[in-house]
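Engineer: no sequence on this one, just coordinates:
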Ligand code: 0RA
């Protein structure tokens, strides 16, 4: 497996042929073992090493783990567990430590009594870290002695040696990732490491994890230890939110085969943040443990609501989405043989876990409600109001749909439509204000340009439930004019225009309206943005008057050029204020005519850097999941108007 073939060291030969082949495969196809050779794979090495120590903690033998980023891109992971055994391993004839470090899948404990993190998604064992490092040093304190062995590219560089007598016990693994494997570099992200270590500490109640970054001039240090475990995790997630009850609900259940812990707290907000883990691995794609959780949650809450008369006989049951509105929850399952499925292997597949979690919840949640009736009442009220809002939203949506059928041609009265019926050729200008709408109407080419004037500020969709949003007449006109419908019912092929152009004044109010419109599209018609249908018109930034002649100037460079070309002449330069200042010809030339205008296309930034998706999704990052509306930098000019 090493770069330089080992010829001399006879003691390793016979017993470890299979071992050699094993680790050779890791170096040949590293991505198969750690997912990638990019930054994500690189960080995987740390998770792999830390997982082994966390296993030791979960087995009850380790209380503290130290993770240090060293200069020269080394990583040191130290724990105060029992220490990797150093006695002879039966099958290999080598010390157990040597076997663990050089044999694939021999990373964990040799017994299978404990739930292991290693053995899960990461679980390829510490030997993989060894194989992909230029150098690895393992130090073990056990049975009153310090032991040490070093490796290069996975090969022992010397036999395990007893260094000196030493008290206590523990394991320390220090490794330097091989830059030949990790082509994008071997520099770790402190943020990524900190986030994952914090998560690990939340998930392993009471375990102390210390992080040190010794790479810079100043050492950075942070310690994580949560006596409350996932209860503290939920509190952390809700730190910037507004809980509607003080006590975080907590349940756990185990039966020897599996174990589950659940923590819940509802907030005044509308978003649902459910984080689930299986053997400490974030199951981003959910799976059976989450399914069991959801089913039991909906049922228990309905039962409680009916038992307390909070839901009357005539009332319909609360739906899943109602009871989860504003909910922050962490579900942590531990099981012996986790099966990970899905695109990113982050969906738990074990079917027995569904009913396991469901039963545990059905037992514990009603008990919790009994003990906390006041909290229970608040939660039911919240869910009921979500249910009413859902009803109202459906009604409003039906109304919009009916309206669109009844009105002339199904279109809003304010819309001046174009004559073309070919969406690919058609564009609609969403124009702020009736007067600007009038100029735009004069300036347009009615063959393919439609005008939809919007009056005043449109409703902020971030701060209002869908029902309210849909009552807003401006929003109704928008939806009917565009023709796609919204939300789940949206159909992009029904878009009546392939260019939806926002045309607002170049001032703060205009910028605000533009943001509100973009937020609406982003939240309720994301596909029009994804398909590149949404544009921002660029009205001029200045007007320059020389004598009676007005010149419209698009940007600062143009202004400089204009000034240079007209030096010595008396000119009156003004920041352009509103669309109303231009006559129809000017508006056409500067802003609307495809031959002379410039448009900015609105684009979405990538959801998440790949690395983050995999390992650091938590805390406020849940919020960061939202897409980011990214506009051209030029656009910043609107802010200082
Ligand atoms: C195998 C057996 C035992 C402990 C370990 C491995 C072990 C591995 C690592 C890796 C990092 N830290 C670790 N700590 C322990 C149990 C041996 C016993 O029964 O004492």
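Structural biologist: Everything's here; your move. This one's a predicted model, so the numbers in the text were calculated from it and none came from an experiment. Numbering: from 1, shown residues only.

Engineer: drop to CA atoms for contacts and neighbour counts, all remaining ones
Structural biologist: Fine.

Engineer: stretch 218-228 - what's its average pLDDT?
Structural biologist: The average pLDDT for stretch 218-228 rounds to 97.

Engineer: okay, the residue of the stretch 351-500 of the chain at minimum distance from the ligand: pLDDT?
Structural biologist: Nearest residue of the stretch 351-500 of the chain to the ligand (CA to the nearest ligand atom) works out as residue 353 at 27.5 Å. We have a pLDDT of 97 for residue 353.

Engineer: neighbours around it, how many?
Structural biologist: For residue 353, the neighbour count with other CA atoms under 10 Å is 26.

Engineer: dihedrals phi and psi, it?
Structural biologist: phi -70, psi -30 (degrees, to the nearest 10).

Engineer: could you check how far the closest residue to the ligand within the stretch 301-450 of the chain is from residue 504?
Structural biologist: Nearest to the ligand, among the residues of the stretch 301-450 of the chain, is residue 336, at 16.8 Å (CA to the nearest ligand atom). As judged by CA to CA, to the nearest Å, residue 336 and residue 504 stand 60 Å apart.

Engineer: the more surrounded of these two?
Structural biologist: residue 504 (26 against 18).

Engineer: re the thing from before, hang on, isn't the residue of the stretch 301-450 of the chain closest to the ligand packed against residue 258?
Structural biologist: Yes. Using CA atoms under 8 Å, residue 336 makes contact with residue 258 at a distance of 6.9 Å.

Engineer: tell me where the stretch 151-300 of the chain has strands.
Structural biologist: 155-156, 161-165, 170-177, 208-213, 220-224, 249-254, 258-266, 273-278, 281-282 (DSSP state E, counting those that start in this stretch).

Engineer: these: which one's closest to residue 596?
Structural biologist: Ranking these by distance to residue 596, with CA to CA as the measure, places strand 273-278 first at 47.4 Å.

Engineer: ok, and what's touching that closest one?
Structural biologist: 282-284, 286, 289-290, 326-335, 338, 348, 618, 622 (CA atoms under 8 Å, 6 or more residues apart in numbering).

Engineer: now do that strand and strand 258-266, the angle between them.
Structural biologist: For strand 273-278 against strand 258-266, the angle by axes from the mean of the first three to the mean of the last three CA atoms, to 10 degrees is 170 degrees.

Engineer: sheet partners, orientation included, of strand 273-278?
Structural biologist: Strand 273-278 pairs in its sheet with strand 281-282 (antiparallel), strand 327-335 (parallel), by DSSP bridges.

Engineer: can you check which helix is longest in this structure?
Structural biologist: Criterion DSSP state H: the longest helix present in the chain is helix 373-406.

Engineer: what ranges do the strands span in the stretch 451-600 of the chain?
Structural biologist: 499-503, 534-537, 542-546, 549-553, 572-575, 599-601.

Engineer: residues in contact with the fourth one?
Structural biologist: Contacts of strand 549-553 from elsewhere in the structure, counted by CA under 8 Å, 6+ apart, are 540-545, 559, 586, 590.

Engineer: now these as TSV including distance to residue 369?
Structural biologist: What follows is the contacts of strand 549-553, written out as TSV (distance: CA to CA, whole Å):
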residue	distance to residue 369
540	61
541	61
542	64
543	67
544	70
545	73
559	68
586	67
590	64
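
Engineer: nearest to residue 137, of those residues?
Structural biologist: residue 541 (63.5 Å).

Engineer: sorry, back to before: dump the residue contacts of the residue of the stretch 351-500 of the chain closest to the ligand.
Structural biologist: 258, 288-289, 292.

Engineer: show me the residues you listed that map onto helices.
Structural biologist: Applying DSSP H to those, the entries found in helices are 288-289, 292.

Engineer: ok, back up a step: quick check: mean pLDDT of the longest helix of the chain?
Structural biologist: 82.

Engineer: got the angle between that helix and strand 249-254?
Structural biologist: 100 degrees.

Engineer: parallel or antiparallel, list what pairs with the helix or strand that helix 373-406 is followed by.
Structural biologist: The helix or strand immediately downstream of helix 373-406 is strand 427-432, counting by DSSP states H and E. Taking DSSP bridges as the criterion, strand 427-432 sits next to strand 449-454 (parallel), strand 499-503 (parallel) in its sheet.

Engineer: closest to residue 70 out of the ones you listed?
Structural biologist: When the strands paired with strand 427-432 are compared by CA to CA, strand 499-503 sits nearest residue 70, at 51.5 Å.

Engineer: what's the spacing between that closest one and its chain's center?
Structural biologist: Distance, stretch centre to chain centre, for strand 499-503: 30 Å (CA atoms, centre = their mean, to the nearest Å).

Engineer: pLDDT of it, averaged?
Structural biologist: Here the average pLDDT along strand 499-503 is 97.

Engineer: got a list of contacts for that strand?
Structural biologist: Contacts for strand 499-503 (CA under 8 Å, 6+ apart): 424, 426-432, 514, 533-539.

Engineer: go through those residues and name the one nearest residue 482.
Structural biologist: Of these, the one sitting nearest to residue 482 (CA to CA) turns out to be residue 428, at 8.4 Å.

Engineer: and the closest one, how far is that from residue 199?
Structural biologist: Applying CA to CA to residue 428 and residue 199 gives a distance of 48 Å.

Engineer: just residue 434 next, same as before
Structural biologist: Residue 434 sits 53 Å away from residue 199, taking CA to CA as the criterion.

Engineer: comparing these two, which residue is more hemmed in?
Structural biologist: Using other CA under 10 Å as the criterion, residue 434 and residue 199 rank with residue 199 on top: 23 against 15.

Engineer: surely residue 339 and residue 351 touch.
Structural biologist: No. Between residue 339 and residue 351 there is no contact under CA under 8 Å: 9.5 Å.

Engineer: looking at these two, which is more packed in?
Structural biologist: Using other CA under 10 Å, the more surrounded residue of residue 339 and residue 351 is residue 339, with 17 against 13.

Engineer: so which of the contacts of residue 353 reach the ligand?
Structural biologist: Taking CA under 6 Å from any ligand atom as the test, the ligand is in contact with none of the contacts of residue 353.

Engineer: how about these in TSV, adding neighbour count and pLDDT?
Structural biologist: Listed next are the contacts of residue 353 as TSV, based on neighbours: other CA atoms under 10 Å; pLDDT from 0 to 100:
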residue	neighbour count	pLDDT
258	17	94
288	20	98
289	28	98
292	22	98
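
Engineer: can I get the strands paired with strand 273-278 in JSON lines including distance to residue 448?
Structural biologist: Compiled in JSON lines, the strands paired with strand 273-278 are given as follows (distance: least, CA to CA, whole Å):
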{"stretch": "strand 281-282", "distance to residue 448": "50"}
{"stretch": "strand 327-335", "distance to residue 448": "47"}
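
Engineer: any low-confidence regions in the protein?
Structural biologist: For the chain, applying pLDDT under 70 flags the ranges 1-22, 105-124, 400-409, 462, 604-641.

Engineer: so how far is stretch 84-96 off the chain centroid?
Structural biologist: With CA atoms, centre = their mean, you get 43 Å for stretch 84-96.

Engineer: got a list of what residue 457 touches?
Structural biologist: Residue 457 touches 513, 516, counting by CA under 8 Å, 6+ apart.

Engineer: one more: residue 310?
Structural biologist: Going by CA under 8 Å, 6+ apart, the list of residues near residue 310 reads 377, 380.

Engineer: same question for residue 596.
Structural biologist: Counting by CA under 8 Å, 6+ apart, residue 596 has contacts 589-590.

Engineer: going forward, the N-terminal residue is numbered 22.
Structural biologist: Right, with 22 as the first residue, what we last looked at is residue 617.

Engineer: hang on, residue 433 packs against residue 501?
Structural biologist: Yes. Residue 433 is within contact range of residue 501, at 6.6 Å (criterion: CA under 8 Å).

Engineer: returning to that earlier point: of all the strands paired with strand 294-299, which one comes closest to residue 149?
Structural biologist: Of the strands paired with strand 294-299, nearest to residue 149 by CA to CA is strand 302-303, at 18.4 Å.

Engineer: distance from that closest one to the middle of the chain?
Structural biologist: The answer for strand 302-303 is 13 Å, by CA atoms, centre = their mean.
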